[in-house]
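Take this sequence and fold it.
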Amino acid sequence: MAVDTHKLKQHMWDKLEKGPFIMIGLADDESHSEPLTAQLDKDQVDTIWFFIGKDNRLAKGGRAMAQFVSKGQDFFACLSGSVVIDNDTAMIDKLWSKQVEAWFPEGKSDPNLALLRFDIDDAELWEADLSLTGKLKMLFGGKIRADEEGSHAVVSNTIV
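This next block holds a predicted model:
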C-alpha cells in the first residue's frame, strides 16, 4: 500500500494546530526532552519553529528528537531531525502572537528571545483510529484484530 505523505503531513499539521505541544530534546545530550509550543508555517512543510530563551538547553543546536501526542490522544508522532537558532526577523514577525509575547516581556526585541528551527528528516506516525468494534473490545475485553487497530507509517521526510 502506497503512503500518501502529503495527506499524512497535513493530518499531523491539523493535529498540531489543535494541541501544539511537543516534547523535544537533543539526541546527543543526556538532558531530558522538554515541552515546547510548536509554531507552524504551512509554507515550510518540513520545519517546525519554537520560540525559546537563548539560555535554553536546545539553543546550542544539533541532532534532535521530538515526540507528539495529539490533544485527543489518537495521533502520535516521533520526529527526527536537527535544531538550530534562526533569528530571521521576517519569520519572527510571521509567527509572533500574544501567546509568545506573554513569555517575552520585552516583545520581539527581548534580548533573551531566540527562534529555534527544527528541520525534520524523518518521522514515524501512528493513528489510533479504532473501529467501533475495536473500542467495544477495549472497554469490555477481547482481542483487537489488525483491521481494527488504526494505522502506522514511516516517512523518510515530510517534503511533499
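
If you count residues, where's the longest strand of the protein?
In the chain, ranked by residue count with DSSP state E as the criterion, the top strand is strand 113-127.

Which secondary structure elements does that one sit against?
helix 5-18, strand 47-53, strand 75-85, helix 89-95, strand 151-155 (3 or more Cβ pairs under 8 Å, 6 or more residues apart in numbering; DSSP states H and E). The C-beta positions use only the backbone N, C-alpha and C, and glycine is treated the same way.

Just the residues contacting the following helix or strand past the longest one, thanks.
This means helix 5-18. Of the helices and strands lying after helix 5-18 in sequence (DSSP states H and E), the nearest is strand 21-26. With Cβ atoms under 8 Å, 6 or more residues apart in numbering as the test, strand 21-26 has contacts from 16, 31-38, 48, 50, 57-58, 60, 62-68, 79, 83, 118.

next one: stretch 56-74
Contact with stretch 56-74 is made by 12, 15-16, 18-19, 21-29, 31, 33-34, 36, 38, 48, 50, 52-53, 75-85, 114, 116, 118, 127-129, as judged by Cβ under 8 Å, 6+ apart.

Just the buried residues of it, please?
Buried residues in stretch 56-74, counted by 16 or more other Cβ atoms under 10 Å: Asn56, Leu58, Ala64, Ala66, Phe68, Val69, Ser70.

hmm, which helix or strand of the protein has the shakiest average pLDDT?
helix 132-140 (a mean of 45; mean pLDDT, DSSP states H and E).
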